[in-house]
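> The following block contains a protein sequence and its predicted model.
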Amino acid sequence: MELLQSTLRLARDVRATALLRQVQRRRWIAQLESRRGDYWPAAQRDAEIVLDRRVRFGAGGFMVRGQLQSEAPSTSFWIKWCPDADPRALKQTMRHMDWWTSHCPTLARSVPKLIDHWPEENALLIEGVQGVPVGELLNQHALKLPDAIRAVARWHYEYSQIDGIDVNEIDTLLGHEVFRTPAGNLHVRADRLIETRIALASESAYQLSLAGCKKARQWSDRYDISRAVSYFATDIKAGFVHGDFKPDNVLVDGDSFSVIDWWTAPRVSWPLSDVAVFAANLWMDPRRDAADAVWRAFVEARFPNGIDTLELHGIDILATMTCLQYLGNRCNPGRPIDRVYCRKALDRLLTRRYPIGRVAKSA
């Protein structure tokens, strides 16, 4: 399974690399050269601007790494190219970054800064940071990860708190499930959010079945869907969410970390949905021992008062639906390797003995 995942990741990057033409690369380098002094005033004048040949496929766009190469330590940056994105949404990310940096400077230190927005290219220029994605560290450095993961979990716990922050100052992205109480607090109709996710998961299951994964339609047999919705209150406290809070969007460098792919924040919704995305991605990882160790470390720090039964149930159902959406997006009828991977992952999803998010007791 691990080899299959690596092969799929490489294939996606190869396809993404083929999309970026040389003329576009040259145009980007010219743009960077013309504003070098604005972007990197302390950089050496003779530093050469270089873009990697490889384009990395990611959620909502493509990532191209670049460097200012000189005798001194090089300066790195990323260009996030989003050809299908709404230009207004990309422009809004700059306002959000400025707002977040001014209101929560301590938390903002763990997020790479947006340097610029190129509307004519539908691209963002992003500060380069040190670190390796958690997913790439599960093999060799799993024993060194828990301290960094606990720091990430504490960051997310603090980040999700919304008390005392006036989110009306900007066009904060509020989900349709968010509402304001008579006292002025923001709460989430968690039952409505679950209903929305069920509809998306059912559509993903249908697409998987069309691609040859017939068992996908059985996903809801694990739950009494009507009861699953009724478990959750209509007024759970809202908080900031990342939206795609997966291990590969957390870069670890020793005990420090950076959270990437955050730039559409701040968004307000149910923070448990972030936790479920983190749990789902770890659960799907074939390196079980390392993934379980990371999850234990995360839970210990993210839930300082302990995790209750309702939260575990919420993580399980939200994570299950996250897995289905991921597989539905991945399974392309025209690519046999995708179908093989999805069938294997789906079989494990449907036959699992324990809920996603369960913390196994240490031996």
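Nice, I can see it.
> Phi and psi next, for the spatially most central residue of the chain.
Geometric centre of the chain, nearest residue: residue 244, 2.5 Å, by Cα atoms, centre = their mean. The phi/psi pair for residue 244 (degrees, to the nearest 10) reads phi -140, psi 60.
> Now residue 233. Nearest residue, chain neighbours left out?
residue 190 (6.1 Å; Cβ to Cβ, 6 or more residues apart in numbering). C-beta coordinates here come from the backbone N, C-alpha and C atoms, glycine included.
> Mind pulling up the pLDDT for the residue nearest to the centre of the chain?
For residue 244, the pLDDT comes out at 90.
> My guess is it contacts residue 260. True?
No - contact criterion Cβ atoms under 8 Å: residue 244 and residue 260 do not qualify, at 9.5 Å.
> Which helix or strand contains residue 66?
Using DSSP states H and E, residue 66 falls within strand 61-69.
> Can you name the element that comes right after that strand?
strand 75-81.
> just checking, what packs against that next one?
strand 48-58, strand 61-69, strand 123-127 (3 or more Cβ pairs under 8 Å, 6 or more residues apart in numbering; DSSP states H and E).
> repeat that with 10 Å
helix 22-34, strand 48-58, strand 61-69, strand 114-118, strand 123-127 (3 or more Cβ pairs under 10 Å, 6 or more residues apart in numbering; DSSP states H and E).
> any idea of the angle the fourth one forms with helix 22-34?
For the pair strand 114-118 and helix 22-34, the angle between their directions (axes from the mean of the first three to the mean of the last three Cα atoms, to 10 degrees) equals 130 degrees.
> list the buried ones in strand 114-118?
By neighbour count on 16 or more other Cβ atoms under 10 Å, the buried set for strand 114-118 is 114-118.
> beta partners of the closest residue to residue 181 other than its chain neighbours?
In space, and not counting its chain neighbours, residue 181 is closest to residue 187: 5.7 Å by Cβ to Cβ, 6+ apart. In this entry, residue 187 is beta-bridged to residue 179, residue 237, by DSSP bridges.
> so residue 187 touches residue 236, yeah?
Yes - with contact defined as Cβ atoms under 10 Å, residue 187 counts as touching residue 236 (6.3 Å).
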